[in-house]
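J.: fold the stuff below for me.
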Amino acid sequence: MAEKSITLRSGEGIVPLRLMDFDRIFDRMREIHDMIARRAFELFEEGGRIFGRDLDNWLRAESELLHPVDISMEETDEGLRVEAEVPGFKPEELEVSVEPRRLTITGKREAAKEEKKKGKTIYSERRAEQIMRVIDLPVEVSTENITATLKDGVLEFTLPKAVPAKKIAIEKIAA
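T.: Reported below is the predicted structural model:
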């Protein structure tokens, strides 16, 4: 079944809307499910393969994959400039690792809210938010001289390009 197109009228004009066939929708759902399952298994392995945390691992994987960190990346002659939106996070709540072709951003923050009346708790709420984004870089970068700044919920990186390998000529010495 091919894609169909219909048009909706809204208060601000005409909005085209494409309808996908069911097979493509279910294929996409299967892909997302598989990605979540792989990430949940990675979390299981990282956590020491301790059983009983299946649901926590699954929900964390869903959160990471379905609510990813928005990024923008710009390549310059010197390197890469990457901006990641991490609203509400403080520098101490974020962790960044850089490999020659990969940048990983993780963050975790917890918030607690409690209301008391006459010394008794009448309302208590705890919330944890975790983010993760693994960015495959288009060029190899040096893991030295990287800068990272956080301002107004935007984490900005400057990643210098790696120095390309040089060929060295081998001289033949007469015996």
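
J.: could you pick out the longest helix of this structure?
T.: When the chain is parsed with DSSP state H, its longest helix is helix 22-46.

J.: other SSEs contacting it?
T.: Packing partners of helix 22-46 (3 or more C-beta pairs under 8 Å, 6 or more residues apart in numbering; DSSP states H and E): helix 54-66. Quick note: C-beta positions are derived from backbone N, CA and C, even for glycine.

J.: how about the helix it packs on, which residues are buried there?
T.: Neighbour-count burial for helix 54-66, counted by 16 or more other C-beta atoms under 10 Å, picks out Asn57, Trp58, Arg60, Ala61, Glu62, Ser63, Glu64, Leu65.

J.: again with stretch 139-159
T.: Neighbour-count burial for stretch 139-159 flags Val141, Ile146, Ala148, Leu155, Phe157, Thr158, Leu159 (criterion: 16+ other C-beta under 10 Å).

J.: quick one: residues in contact with that stretch.
T.: 75, 79-91, 94, 96, 98-101, 103, 105, 137, 160-163 (C-beta atoms under 8 Å, 6 or more residues apart in numbering).

J.: so which of the buried residues of helix 54-66 is the closest to Lys117?
T.: Nearest to Lys117 among the buried residues of helix 54-66: Ser63, at 33.4 Å, using C-beta to C-beta.

J.: list the contacts for the closest one?
T.: With contacts defined as C-beta under 8 Å, 6+ apart, Ser63 is in contact with Glu129, Gln130, Ile131.

J.: I'd like to know which of those residues are buried.
T.: Buried members of the contacts of Ser63, counted by 16+ other C-beta under 10 Å: Ile131.

J.: which residue lies nearest the spatial centre of this structure?
T.: Arg133 (1.5 Å; C-alpha atoms, centre = their mean).

J.: okay, and that residue sits in which element?
T.: strand 120-136 (DSSP states H and E).

J.: pLDDT of that strand, averaged?
T.: The pLDDT scores in strand 120-136 average 77.

J.: the closest residue to Val96 other than its chain neighbours pairs with what?
T.: Nearest non-adjacent residue to Val96, counting by C-beta to C-beta, 6 or more residues apart in numbering: Ile105, 5.5 Å away. Taking DSSP bridges, one obtains Val96, Arg133 as the residues bridged to Ile105.
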